[in-house]
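Visitor: quick one: sequence plus predicted model below, questions after.
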Amino acid sequence: MNDDNPTDQLSTFVDMFNAGTILLLFVCIFVLWLINWFIRNTMGRVMTRFPSRRFAIMQLTTLLSFMLYIFGAVVLVVGVLRPPQEFLIAIGGSAAVAVGFALKDVAASLISGLILLFDRPFQVGDRVTFDDVYGEIMAITLRTVRLRTLDDNIVTIPNSRFITDVVASGNLGAMDMMVVTDFHLALDADIQQAQDIARQVIVTSRYAYLKKPVTFAIEEVPVAERLAIRLRAKAYVLDVDYEKAFQSDVTVRTSALFRERAVLRPN
């Protein structure tokens, strides 16, 4: 009988997915998941032991997960299903078209995920702003990027959106990051005194990274329909995890010293 007969092809397809093969597929998929869980769990313990290297460890974990699932999928198809070459040639083209239409968005996200992994516009552990969302990149998976906001919400975004939209990274793989803190002063306030106070607070903060400069930007801005002086302090936090703790520390202590030393604020 001709091997191109549709009945023979259907029979071959059915034989590939017999009960034993399906069971083996489920077992292999579970083993892949178990290996991935073990890798992430192990890397989590390593990251706890070496916190200063956590960004590199998180990025390595993501790369290992990518490689595991990609090569695992190839092994499952070739090693477990073992489709004959004639079968692949016969249905490969039509299946590719059908799957391409059905999963075009998923495929776009998968390709975008690989681009993100190697082009690296941002990395796991970075603090990024995307649309109106700001937070830390927790994982770059095959299909999505998971981002944790400062309110501890997990936001899941398709990889393809990061290829076409603008994303801003605050630290780009570095442990330290610039933190901007604004103070508003009255128009007749002693700006130099206020700046000296803010600098004193920043350099004495336990969260400050002093290997990078502390700078200020001063301008007039409207506040409650009146003009005021905005004193913008720009300093670096030693670890992005302390971003809000650093900003709060600077704000509270600077405001207290402004009151103590009679630095004029907007009414």
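Guide: Good, I have the coordinates.
Visitor: give me the buried positions along the helix or strand where Thr62 lies.
Guide: Following DSSP states H and E, one finds Thr62 within helix 54-75. Residues of helix 54-75 classed as buried: Arg54, Phe55, Ile57, Met58, Gln59, Leu60, Thr61, Thr62, Ser65, Phe66, Tyr69, Gly72 (neighbour count, 16 or more other C-beta atoms under 10 Å). C-beta here means a position set from N, CA and C on the backbone, and glycine is covered the same way.
Visitor: so for Thr21, what's the pLDDT?
Guide: Here the pLDDT value assigned to Thr21 is 77.
Visitor: in three-state terms, label it for me.
Guide: Secondary structure, DSSP: H, G, I helix; E, B strand; the rest coil: Thr21 is helix.
Visitor: and it, how many neighbours?
Guide: 14 (other C-beta atoms under 10 Å).
Visitor: now do Gly79
Guide: 10.
Visitor: looking at this, it is in a strand?
Guide: No - Gly79: not assigned to a strand; according to three-state DSSP it is helix.
Visitor: where's the residue most central in space within the chain, which helix or strand?
Guide: Geometric centre of the chain, nearest residue: Ile137, 2.0 Å, by C-alpha atoms, centre = their mean. According to DSSP H and E, Ile137 maps onto strand 133-140.
Visitor: distance between that strand and the chain's centre?
Guide: Relative to its chain's centre, strand 133-140 lies at 3 Å (C-alpha atoms, centre = their mean, to the nearest Å).
Visitor: before we move on, back to that, and the buried residues of helix 54-75, which is closest to Glu225?
Guide: Nearest to Glu225, judged by C-beta to C-beta, of these is Phe55 at 44.5 Å.
Visitor: chain neighbours aside, what residue packs nearest to the closest one?
Guide: Among residues not flanking Phe55 along the chain, Gly125 sits closest, at 3.8 Å (C-beta to C-beta, 6 or more residues apart in numbering).
Visitor: likewise Arg53?
Guide: Arg53 sits nearest to Met47 (C-beta to C-beta, 6+ apart), 7.4 Å away.
Visitor: picking up where we left off before, quick one: list the elements packing against the helix holding Thr62.
Guide: helix 19-49, helix 104-119, strand 133-140 (3 or more C-beta pairs under 8 Å, 6 or more residues apart in numbering; DSSP states H and E).
Visitor: put the alpha carbons of the lengthiest strand in the chain into PDB.
Guide: In the chain, taking DSSP state E as the definition, the longest strand is strand 226-237. Output of strand 226-237 as PDB, limited to C-alpha atoms (Å, rounded to 0.1, in the frame of the first residue of the first chain):
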ATOM      1  CA  ARG A 226       1.200  79.300  43.700                       C
ATOM      2  CA  LEU A 227       4.900  79.300  42.700                       C
ATOM      3  CA  ALA A 228       7.400  77.500  44.900                       C
ATOM      4  CA  ILE A 229      11.000  76.300  44.700                       C
ATOM      5  CA  ARG A 230      11.400  72.600  44.000                       C
ATOM      6  CA  LEU A 231      14.600  71.200  45.400                       C
ATOM      7  CA  ARG A 232      15.200  67.900  43.700                       C
ATOM      8  CA  ALA A 233      17.800  65.700  45.400                       C
ATOM      9  CA  LYS A 234      19.400  63.000  43.300                       C
ATOM     10  CA  ALA A 235      21.400  60.300  45.100                       C
ATOM     11  CA  TYR A 236      22.100  56.600  44.700                       C
ATOM     12  CA  VAL A 237      20.800  53.800  46.900                       C
END
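Visitor: may I see the buried residues of that strand?
Guide: So for strand 226-237, counting by 16+ other C-beta under 10 Å, buried means Ala228, Ile229, Arg230, Leu231, Ala233, Ala235, Tyr236, Val237.
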